[in-house]
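Chemist: I'll drop the sequence and a predicted model, then ask my questions.
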Amino acid sequence: MPTYTALTTLPGEAAAEDLADALEGMEPEPTGVGVFEIEDGSSLWEVGAYFLEPPDEIVLALMAMAHGAAPFAISELPEIDWVAKVRRELTPVEAGRFFVYGSHDAGRVPPGRIALLIEAAVAFGTGHHGTTLGCLRALDRLVDEGFVARNVADIGCGTAVLAMAAASVYPNPVIASDIDAVAVDVARANAAVNGLETRVECLEAAGFDHPRLAEAAPFDLVFANILKGPLIDLAPSMAAHVGTRGLAILSGLLVVQAEDVLAAYVAQGFTLRTREDIGEWATLVLTRG
């Protein structure tokens with residue numbers, strides 16, 4: 001069955017949310033509507049809708065005009081077995097001692113590596129993205145330097161690949177949290193398939209807003225692989241939950257956004273320990289105090 005997409009951009013989150021609400025009431029009804037900030041410093045937001053039959057182009061044009069948006073770009077997507085495509089195109093990822101792979105590459109795991117299985121059906125967070133890869137590399141370097149974290153949290157964990165990596169090299173269980181309940185389910189499934197269900201505690205939380213995270217603080221090491229805006233908003237909570245001389249590994253931000261994020265954390269008492277840029281993405285390792 002073909003899928004149709006309608007995408008546009010406009011300035012401002014409130015306007016984008018209003019347009020998304022209007023799209024929800026269309027006929028034919030979209031199967032999904034998404035609102036995303038374009039992380040390029042333009043202050044533009046993307047609004048997209050997905051349909052199982054061709055959308056009414058006149059209605060979309062009128063909606064765009066009424067909400068001050070660019071004209072919708074309407075496309076028909078080909079029918080693709082995305083899981084099969086991912087399995088063909090995603091190769092294993094190596095980040096020092098860590099080897100991240102899908103079940104289709106189980107026979108390629110080299111000896112002596114810490115192997116982490118992430119199914120292709122939930123590919124974001126497998127390590128192929130520059131942000132996740134940067135965090136894995138940062139952790140690998142910390143282990144080489146002799147840094148031992150006894151209390152670790154992965155905030156916005158997604159597939160929990162970072163939490164599982166930390167749980168594989170450090171002595172105590174790791175807390176992995178995400179604001180998305182589906183992501184928490186995925187994290188639990190990944191921990192179980194890697195035999196780490198007793199080593200990775202998965203929970204649903206917005207940032208550090210959970211009694212378990214408050215109870216476990218202060219942390220020696222916290223991962224936050226999210227986005228620029230949420231990272232900046234998280235800075236005061238990060239300072240409150242990371243112990244003195246503890247570390248925060250931050251990513252999910254573009255190279256051009258790194259200085260803004262760093263400034264927010266310096267204002268909370270953090271200092272830059274290392275930075276790595278992979279393509280257009282940056283990873284920061286910060287020390288508190």
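Modeler: Yep, that arrived.
Chemist: ok, what's across the strand from residue 93?
Modeler: Listed by DSSP bridges, the beta-bridge partners for residue 93 are residue 100.
Chemist: strands along the stretch 51-200 of the chain, start to end?
Modeler: With strands called from DSSP state E, counting those that start in this stretch, the stretch 51-200 of the chain shows them at 73-77, 93-95, 98-101, 114-117, 152-155, 174-178, 200-204.
Chemist: quick one, which of those is nearest to residue 251?
Modeler: Closest approach to residue 251 among the strands of the stretch 51-200 of the chain is made by strand 152-155 (11.6 Å; CB to CB). Just so you know, the C-beta spots here come from the backbone N, C-alpha and C atoms, and that holds for glycine as well.
Chemist: output the strand ranked longest in the chain as PDB, restricted to C-alpha atoms.
Modeler: In the chain, with assignment by DSSP state E, the single longest strand is strand 242-254. Extracted in PDB, the C-alpha atoms of strand 242-254 (Å, rounded to 0.1, in the frame of the first residue of the first chain):
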ATOM      1  CA  VAL A 242      26.100  14.700  38.800                       C
ATOM      2  CA  GLY A 243      28.500  14.400  41.700                       C
ATOM      3  CA  THR A 244      31.600  16.600  42.200                       C
ATOM      4  CA  ARG A 245      34.200  15.500  39.700                       C
ATOM      5  CA  GLY A 246      31.500  13.400  38.000                       C
ATOM      6  CA  LEU A 247      31.200  13.400  34.200                       C
ATOM      7  CA  ALA A 248      28.500  14.200  31.700                       C
ATOM      8  CA  ILE A 249      28.700  12.900  28.100                       C
ATOM      9  CA  LEU A 250      26.500  15.100  25.900                       C
ATOM     10  CA  SER A 251      25.500  14.600  22.300                       C
ATOM     11  CA  GLY A 252      22.600  14.900  19.900                       C
ATOM     12  CA  LEU A 253      23.900  18.400  18.900                       C
ATOM     13  CA  LEU A 254      25.300  19.800  15.700                       C
END
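Chemist: buried ones in it, by neighbour count?
Modeler: Burial within strand 242-254, assessed by neighbour count using 16 or more other CB atoms under 10 Å, is assigned to 242, 246, 247, 248, 249, 250, 251, 252, 253, 254.
Chemist: C-terminal to it, what's the next element?
Modeler: Downstream of strand 242-254, the next assigned helix or strand under DSSP states H and E is helix 258-266.
Chemist: among the buried residues of strand 242-254, which pair sits farthest apart?
Modeler: Among these, the pair separated by the greatest distance (CB to CB) is 246 and 254, at 25.5 Å.
Chemist: domains in this protein, as residue ranges please.
Modeler: Domain assignment for the chain, taken from automatic domain parsing, gives 3-77, 130-288.
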